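Student: What follows is a predicted structure for the sequence shown.
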Amino acid sequence: MDTAVSFSQVTHTYQANTPFAQNALDDITLQIEKGSFTAIIGHTGSGKSTLVQHINALLKPTSGQIDVLGKMISPETTNKNLKAFRRRVGMVFQFPEKQLFEETVLKDIKFGPKNYGVSDQDAEAAAHEAMELVGLDKSFSNHSPFDLSGGQMRRVAIAGVLAMNPEILILDEPTAGLDPKGHREIMDLAKFLNQKKQITIILITHQMDDVIDYASNVIVMDQGKVVKVGPPEQIFNDPEWVYHMQLDLPSSAEFAQQLKLAGVDLGELPLTVEQLANKIAHLVGKGDTK
Ligand SMILES: Nc1ncnc2c1ncn2[C@@H]1O[C@H](COP(=O)(O)OP(=O)(O)OP(=O)(O)O)[C@@H](O)[C@H]1O
(Lines give C-alpha, C1' and ligand atoms only; values in the text may rest on other atoms or scores of the structure.)
Protein backbone atom coordinates (compact mmCIF):
# COMPACT_ATOMS: atom_id res chain seq x y z
CA MET A 1 0.00 0.00 0.00
CA ASP A 2 1.12 3.56 -0.66
CA THR A 3 1.77 5.99 2.16
CA ALA A 4 -0.51 9.04 2.42
CA VAL A 5 1.16 10.70 5.40
CA SER A 6 4.64 10.23 6.79
CA PHE A 7 5.92 12.06 9.89
CA SER A 8 9.71 12.04 10.42
CA GLN A 9 10.99 13.07 13.85
CA VAL A 10 8.41 15.82 14.23
CA THR A 11 8.29 18.04 17.28
CA HIS A 12 5.94 20.94 17.87
CA THR A 13 6.38 23.53 20.58
CA TYR A 14 3.71 26.20 21.03
CA GLN A 15 5.09 29.65 21.79
CA ALA A 16 8.62 28.35 21.35
CA ASN A 17 11.37 30.57 22.73
CA THR A 18 9.04 32.23 25.22
CA PRO A 19 8.57 31.52 28.93
CA PHE A 20 5.21 29.97 27.92
CA ALA A 21 6.74 27.34 25.62
CA GLN A 22 4.58 24.19 25.56
CA ASN A 23 5.94 21.04 24.01
CA ALA A 24 2.96 19.36 22.32
CA LEU A 25 4.60 16.85 19.93
CA ASP A 26 7.78 15.03 20.83
CA ASP A 27 9.77 13.23 18.13
CA ILE A 28 6.86 11.77 16.16
CA THR A 29 7.67 9.28 13.41
CA LEU A 30 4.72 7.46 11.87
CA GLN A 31 3.06 6.48 8.60
CA ILE A 32 -0.58 6.49 7.56
CA GLU A 33 -1.42 4.34 4.55
CA LYS A 34 -3.50 5.58 1.62
CA GLY A 35 -7.05 4.26 1.85
CA SER A 36 -6.82 3.39 5.55
CA PHE A 37 -9.28 4.38 8.26
CA THR A 38 -6.99 5.51 11.05
CA ALA A 39 -8.20 6.40 14.54
CA ILE A 40 -6.07 8.64 16.76
CA ILE A 41 -6.75 8.13 20.45
CA GLY A 42 -5.21 9.37 23.67
CA HIS A 43 -6.39 11.26 26.71
CA THR A 44 -7.03 15.01 26.74
CA GLY A 45 -3.95 17.09 25.99
CA SER A 46 -1.94 14.18 24.56
CA GLY A 47 -1.39 16.05 21.26
CA LYS A 48 -3.99 14.61 18.87
CA SER A 49 -5.32 17.91 17.51
CA THR A 50 -1.82 19.34 17.25
CA LEU A 51 -0.75 16.26 15.27
CA VAL A 52 -3.56 16.41 12.71
CA GLN A 53 -3.21 20.15 12.15
CA HIS A 54 0.23 19.40 10.70
CA ILE A 55 -1.34 17.18 8.05
CA ASN A 56 -2.87 20.12 6.16
CA ALA A 57 -0.07 22.47 7.22
CA LEU A 58 -2.25 24.60 9.49
CA LEU A 59 0.62 24.11 11.92
CA LYS A 60 4.24 23.70 10.88
CA PRO A 61 6.64 21.49 12.80
CA THR A 62 9.19 23.09 15.11
CA SER A 63 11.59 20.44 13.85
CA GLY A 64 11.30 17.39 11.58
CA GLN A 65 9.15 17.08 8.47
CA ILE A 66 5.92 15.60 7.17
CA ASP A 67 5.32 14.19 3.71
CA VAL A 68 1.62 14.46 2.83
CA LEU A 69 0.67 13.08 -0.60
CA GLY A 70 4.15 14.01 -1.81
CA LYS A 71 4.08 17.55 -0.38
CA MET A 72 6.84 18.18 2.17
CA ILE A 73 5.92 20.25 5.23
CA SER A 74 8.86 21.52 7.26
CA PRO A 75 9.60 24.35 9.72
CA GLU A 76 10.39 26.53 6.67
CA THR A 77 7.01 25.93 4.98
CA THR A 78 5.03 29.16 4.60
CA ASN A 79 1.35 29.57 3.84
CA LYS A 80 2.18 30.74 0.33
CA ASN A 81 1.12 28.38 -2.46
CA LEU A 82 -0.63 25.94 -0.13
CA LYS A 83 -4.10 26.38 -1.65
CA ALA A 84 -3.94 23.49 -4.10
CA PHE A 85 -2.46 21.23 -1.43
CA ARG A 86 -5.03 22.13 1.24
CA ARG A 87 -7.84 21.21 -1.10
CA ARG A 88 -6.55 17.63 -1.09
CA VAL A 89 -6.61 17.38 2.72
CA GLY A 90 -10.06 18.12 4.14
CA MET A 91 -10.29 19.03 7.79
CA VAL A 92 -13.49 18.87 9.82
CA PHE A 93 -12.87 20.56 13.16
CA GLN A 94 -14.73 19.90 16.39
CA PHE A 95 -18.24 21.39 16.22
CA PRO A 96 -17.76 22.41 12.55
CA GLU A 97 -21.27 23.87 12.41
CA LYS A 98 -19.87 26.84 14.34
CA GLN A 99 -18.05 27.81 11.15
CA LEU A 100 -21.17 28.04 8.97
CA PHE A 101 -21.76 31.62 7.95
CA GLU A 102 -23.51 31.96 4.56
CA GLU A 103 -27.21 32.71 4.30
CA THR A 104 -28.12 29.47 2.50
CA VAL A 105 -26.97 25.87 2.73
CA LEU A 106 -25.95 25.81 -0.92
CA LYS A 107 -23.87 28.99 -0.66
CA ASP A 108 -22.10 27.65 2.40
CA ILE A 109 -21.18 24.38 0.72
CA LYS A 110 -20.10 26.18 -2.48
CA PHE A 111 -17.88 28.56 -0.56
CA GLY A 112 -14.90 26.16 -0.32
CA PRO A 113 -14.64 25.18 -4.00
CA LYS A 114 -15.26 28.79 -5.12
CA ASN A 115 -12.54 29.98 -2.78
CA TYR A 116 -10.23 27.52 -4.52
CA GLY A 117 -11.05 29.05 -7.92
CA VAL A 118 -13.70 26.60 -9.18
CA SER A 119 -16.36 28.14 -11.46
CA ASP A 120 -19.78 28.89 -9.98
CA GLN A 121 -21.39 26.17 -12.08
CA ASP A 122 -18.83 23.51 -11.11
CA ALA A 123 -18.97 24.58 -7.45
CA GLU A 124 -22.74 24.17 -7.53
CA ALA A 125 -22.46 20.70 -9.06
CA ALA A 126 -19.85 19.72 -6.43
CA ALA A 127 -22.08 21.12 -3.68
CA HIS A 128 -25.09 19.11 -4.85
CA GLU A 129 -22.98 15.97 -5.04
CA ALA A 130 -21.65 16.59 -1.52
CA MET A 131 -25.19 17.18 -0.22
CA GLU A 132 -26.22 13.84 -1.65
CA LEU A 133 -23.21 12.15 -0.02
CA VAL A 134 -24.12 13.47 3.44
CA GLY A 135 -27.80 12.64 2.93
CA LEU A 136 -29.15 16.19 2.65
CA ASP A 137 -32.03 16.55 0.24
CA LYS A 138 -31.68 19.20 -2.50
CA SER A 139 -34.72 20.94 -1.01
CA PHE A 140 -32.42 22.17 1.78
CA SER A 141 -30.37 24.21 -0.73
CA ASN A 142 -32.07 27.54 -0.07
CA HIS A 143 -32.64 27.05 3.66
CA SER A 144 -30.63 29.05 6.13
CA PRO A 145 -28.13 26.64 7.72
CA PHE A 146 -29.06 28.19 11.06
CA ASP A 147 -32.64 26.90 10.82
CA LEU A 148 -31.47 23.26 10.70
CA SER A 149 -31.06 20.73 13.51
CA GLY A 150 -27.62 20.25 15.08
CA GLY A 151 -27.04 17.01 13.15
CA GLN A 152 -28.12 18.60 9.85
CA MET A 153 -25.88 21.63 10.42
CA ARG A 154 -22.98 19.32 11.00
CA ARG A 155 -23.72 17.51 7.74
CA VAL A 156 -23.76 20.86 5.89
CA ALA A 157 -20.33 21.63 7.37
CA ILE A 158 -18.97 18.24 6.33
CA ALA A 159 -20.49 18.65 2.85
CA GLY A 160 -18.56 21.93 2.55
CA VAL A 161 -15.32 20.00 2.99
CA LEU A 162 -16.39 17.13 0.72
CA ALA A 163 -17.29 19.56 -2.07
CA MET A 164 -13.55 20.14 -2.46
CA ASN A 165 -13.08 16.46 -3.26
CA PRO A 166 -10.36 15.73 -0.67
CA GLU A 167 -8.14 12.66 -0.86
CA ILE A 168 -7.61 12.71 2.91
CA LEU A 169 -10.39 13.60 5.34
CA ILE A 170 -9.50 14.50 8.92
CA LEU A 171 -12.36 14.32 11.38
CA ASP A 172 -11.71 15.76 14.86
CA GLU A 173 -14.35 14.24 17.16
CA PRO A 174 -17.05 14.54 14.49
CA THR A 175 -19.85 13.05 16.61
CA ALA A 176 -19.38 15.15 19.76
CA GLY A 177 -22.74 16.27 21.10
CA LEU A 178 -24.85 14.29 18.61
CA ASP A 179 -27.62 11.87 19.61
CA PRO A 180 -27.08 8.13 18.90
CA LYS A 181 -28.80 8.34 15.49
CA GLY A 182 -26.78 11.38 14.41
CA HIS A 183 -23.65 9.69 15.71
CA ARG A 184 -24.28 6.53 13.67
CA GLU A 185 -25.06 8.54 10.53
CA ILE A 186 -21.80 10.48 10.68
CA MET A 187 -19.74 7.36 11.40
CA ASP A 188 -21.46 5.44 8.59
CA LEU A 189 -20.77 8.38 6.26
CA ALA A 190 -17.07 8.19 7.19
CA LYS A 191 -17.12 4.45 6.45
CA PHE A 192 -18.84 5.02 3.10
CA LEU A 193 -16.34 7.72 2.08
CA ASN A 194 -13.49 5.40 3.02
CA GLN A 195 -14.80 2.24 1.38
CA LYS A 196 -16.67 3.56 -1.64
CA LYS A 197 -14.80 6.79 -2.40
CA GLN A 198 -11.35 5.55 -1.33
CA ILE A 199 -10.82 8.62 0.88
CA THR A 200 -8.18 8.13 3.57
CA ILE A 201 -9.93 8.82 6.88
CA ILE A 202 -8.12 10.12 9.97
CA LEU A 203 -10.45 10.22 12.95
CA ILE A 204 -9.74 11.68 16.39
CA THR A 205 -12.08 10.09 18.87
CA HIS A 206 -12.65 9.29 22.54
CA GLN A 207 -15.26 6.64 21.54
CA MET A 208 -13.58 3.26 21.72
CA ASP A 209 -16.65 1.51 20.27
CA ASP A 210 -16.14 3.56 17.10
CA VAL A 211 -12.49 2.58 17.01
CA ILE A 212 -13.33 -1.11 17.09
CA ASP A 213 -16.32 -0.79 14.72
CA TYR A 214 -14.77 1.45 12.05
CA ALA A 215 -10.99 1.82 12.21
CA SER A 216 -8.46 -0.38 10.43
CA ASN A 217 -5.50 1.20 12.20
CA VAL A 218 -5.04 3.00 15.53
CA ILE A 219 -2.45 5.50 16.75
CA VAL A 220 -2.26 5.93 20.52
CA MET A 221 -0.79 9.20 21.83
CA ASP A 222 0.40 10.10 25.29
CA GLN A 223 2.17 13.29 26.35
CA GLY A 224 3.02 14.30 22.80
CA LYS A 225 4.42 10.90 21.85
CA VAL A 226 3.07 8.03 19.78
CA VAL A 227 3.08 5.12 22.22
CA LYS A 228 1.41 2.38 20.16
CA VAL A 229 0.30 1.80 16.57
CA GLY A 230 -1.63 -1.19 15.24
CA PRO A 231 -5.00 -2.70 14.37
CA PRO A 232 -7.73 -2.19 17.02
CA GLU A 233 -7.63 -5.81 18.27
CA GLN A 234 -3.94 -5.43 19.03
CA ILE A 235 -4.38 -2.08 20.78
CA PHE A 236 -7.11 -3.30 23.12
CA ASN A 237 -5.82 -6.77 23.95
CA ASP A 238 -4.07 -5.57 27.12
CA PRO A 239 -6.80 -4.02 29.33
CA GLU A 240 -4.34 -3.04 32.07
CA TRP A 241 -2.28 -1.02 29.59
CA VAL A 242 -5.43 0.56 28.14
CA TYR A 243 -6.54 1.73 31.60
CA HIS A 244 -3.02 2.89 32.38
CA MET A 245 -3.20 5.13 29.29
CA GLN A 246 -6.41 6.63 30.75
CA LEU A 247 -8.40 5.14 27.88
CA ASP A 248 -11.55 3.03 27.90
CA LEU A 249 -12.05 -0.42 26.45
CA PRO A 250 -14.77 -0.90 23.82
CA SER A 251 -18.00 -1.54 25.77
CA SER A 252 -18.19 -5.25 24.85
CA ALA A 253 -14.61 -5.80 26.02
CA GLU A 254 -15.36 -3.80 29.16
CA PHE A 255 -18.34 -6.07 29.89
CA ALA A 256 -16.20 -9.14 29.23
CA GLN A 257 -13.64 -7.80 31.71
CA GLN A 258 -16.37 -7.42 34.34
CA LEU A 259 -17.47 -11.02 33.73
CA LYS A 260 -13.87 -12.16 34.06
CA LEU A 261 -13.53 -10.33 37.39
CA ALA A 262 -16.73 -12.05 38.51
CA GLY A 263 -15.09 -15.41 37.75
CA VAL A 264 -16.59 -16.15 34.31
CA ASP A 265 -13.85 -17.32 31.97
CA LEU A 266 -14.43 -16.13 28.40
CA GLY A 267 -10.87 -16.92 27.34
CA GLU A 268 -9.54 -14.39 24.84
CA LEU A 269 -10.93 -10.86 25.26
CA PRO A 270 -13.90 -10.41 22.89
CA LEU A 271 -13.85 -6.94 21.36
CA THR A 272 -16.97 -6.63 19.26
CA VAL A 273 -20.52 -7.04 20.51
CA GLU A 274 -20.96 -9.96 18.09
CA GLN A 275 -17.88 -11.77 19.45
CA LEU A 276 -19.10 -11.23 23.00
CA ALA A 277 -22.59 -12.52 22.17
CA ASN A 278 -21.08 -15.62 20.55
CA LYS A 279 -18.86 -16.34 23.54
CA ILE A 280 -21.71 -15.98 26.02
CA ALA A 281 -24.03 -18.10 23.86
CA HIS A 282 -21.33 -20.75 23.67
CA LEU A 283 -20.85 -20.59 27.44
CA VAL A 284 -24.54 -21.12 28.18
CA GLY A 285 -24.64 -23.98 25.68
CA LYS A 286 -26.57 -22.29 22.91
CA GLY A 287 -23.80 -22.54 20.33
CA ASP A 288 -23.26 -19.80 17.79
CA THR A 289 -25.76 -16.95 17.71
CA LYS A 290 -25.38 -16.69 13.95
N1 LIG B 1 -2.61 27.18 20.93
C2 LIG B 1 -1.94 26.59 21.93
N3 LIG B 1 -1.04 27.27 22.66
C4 LIG B 1 -0.35 26.69 23.68
N5 LIG B 1 -0.49 25.40 24.02
C6 LIG B 1 -1.40 24.68 23.35
C7 LIG B 1 -2.17 25.21 22.26
N8 LIG B 1 -2.98 24.25 21.75
C9 LIG B 1 -2.72 23.14 22.50
N10 LIG B 1 -1.79 23.39 23.43
C11 LIG B 1 -1.21 22.43 24.41
O12 LIG B 1 -0.61 21.37 23.66
C13 LIG B 1 -0.87 20.12 24.27
C14 LIG B 1 -1.57 19.20 23.28
O15 LIG B 1 -2.87 19.74 23.00
P16 LIG B 1 -3.86 19.11 21.93
O17 LIG B 1 -5.03 20.03 21.81
O18 LIG B 1 -3.11 18.78 20.70
O19 LIG B 1 -4.30 17.75 22.66
P20 LIG B 1 -5.51 16.76 22.33
O21 LIG B 1 -4.99 15.39 22.55
O22 LIG B 1 -6.07 17.09 21.00
O23 LIG B 1 -6.56 17.13 23.47
P24 LIG B 1 -8.19 16.98 23.46
O25 LIG B 1 -8.52 15.53 23.48
O26 LIG B 1 -8.58 17.67 24.74
O27 LIG B 1 -8.70 17.72 22.24
C28 LIG B 1 -1.68 20.40 25.53
O29 LIG B 1 -0.80 20.47 26.61
C30 LIG B 1 -2.30 21.75 25.24
O31 LIG B 1 -2.53 22.46 26.43
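Tutor: Yep, that arrived.
Student: show me the residues around His128 that make contact.
Tutor: Neighbouring residues of His128 by Cβ atoms under 8 Å, 6 or more residues apart in numbering: Leu106, Lys138, Ser141. Using the backbone N, CA and C atoms, a C-beta is placed for each residue, glycine as well.
Student: Surely the last one and Thr104 touch.
Tutor: Yes. Checked against Cβ atoms under 8 Å, the pair Ser141 and Thr104 is within contact range at 6.6 Å.
Student: Most neighbours among the contacts of His128, which one?
Tutor: Neighbour counts for the contacts of His128 (other Cβ atoms under 10 Å) peak at Leu106, which has 22 neighbours.
Student: From the contact counts, what lies against the host helix or strand of it?
Tutor: Using DSSP states H and E, Leu106 sits within helix 105-115. Helices and strands touching helix 105-115, by 3 or more Cβ pairs under 8 Å, 6 or more residues apart in numbering; DSSP states H and E, are helix 120-133, helix 150-162.
Student: which residues touch the shortest one?
Tutor: So that's helix 150-162. 90-92, 96-97, 99-100, 105, 108-109, 111-112, 127, 130-131, 133-136, 140, 145-146, 148, 169, 174, 177-179, 181-182, 185-186, 189, 193.
Student: For stretch 171-189, measure first residue to last.
Tutor: For stretch 171-189, the first-to-last residue distance is 11 Å (Cα to Cα, to the nearest Å).
Student: Could you list the contact residues of the stretch 1-150 of the chain toward the ligand?
Tutor: Tyr14, Gln15, Gln22, Ala24, Gly42, Thr44, Gly45, Ser46, Gly47, Lys48, Ser49, Thr50 (Cβ under 6 Å from any ligand atom).
Student: can you tell me which of these are in helices?
Tutor: Lys48, Ser49, Thr50 (DSSP state H).
Student: would you list these in CSV and tack on pLDDT and neighbour count?
Tutor: Below are these laid out as CSV (pLDDT from 0 to 100; neighbours: other Cβ atoms under 10 Å):
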residue, pLDDT, neighbour count
Lys48, 97, 22
Ser49, 96, 17
Thr50, 97, 20
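Student: Turn the residues you listed into a markdown table, including distance to Leu203.
Tutor: Converted to a markdown table, these look like this (distance: Cβ to Cβ, whole Å):
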| residue | distance to Leu203 |
| --- | --- |
| Lys48 | 10 |
| Ser49 | 12 |
| Thr50 | 16 |
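Student: follow-up on the earlier one: ranking the helices and strands packed on helix 105-115 by mean pLDDT, which is last?
Tutor: Looking at the helices and strands packed on helix 105-115, the lowest mean pLDDT belongs to helix 150-162 (a mean of 91).
Student: Checking Met221 next. Helix, strand or coil?
Tutor: Under DSSP: H, G, I helix; E, B strand; the rest coil, Met221 falls in the strand class.
Student: how much space between it and the ligand?
Tutor: Taking Cβ to the nearest ligand atom, to the nearest Å as the measure, Met221 falls 6 Å from the ligand.
Student: Compute the number of surrounding residues for that residue.
Tutor: 25.
Student: and Gln53, what does it touch?
Tutor: Gln53 sits in contact with Leu59, Met91, where contact means Cβ under 8 Å, 6+ apart.
Student: run the last query once more with 6 Å
Tutor: Applying Cβ atoms under 6 Å, 6 or more residues apart in numbering, we find Gln53 in contact with Leu59.
Student: How about Ile73?
Tutor: Ala57, Ile66 are the contacts of Ile73 under Cβ under 6 Å, 6+ apart.
Student: about what we covered before: among the helices and strands packed on helix 105-115, which is the most enclosed?
Tutor: helix 150-162 (a mean of 23; mean count of other Cβ atoms under 10 Å).
Student: Appreciated, that's everything.
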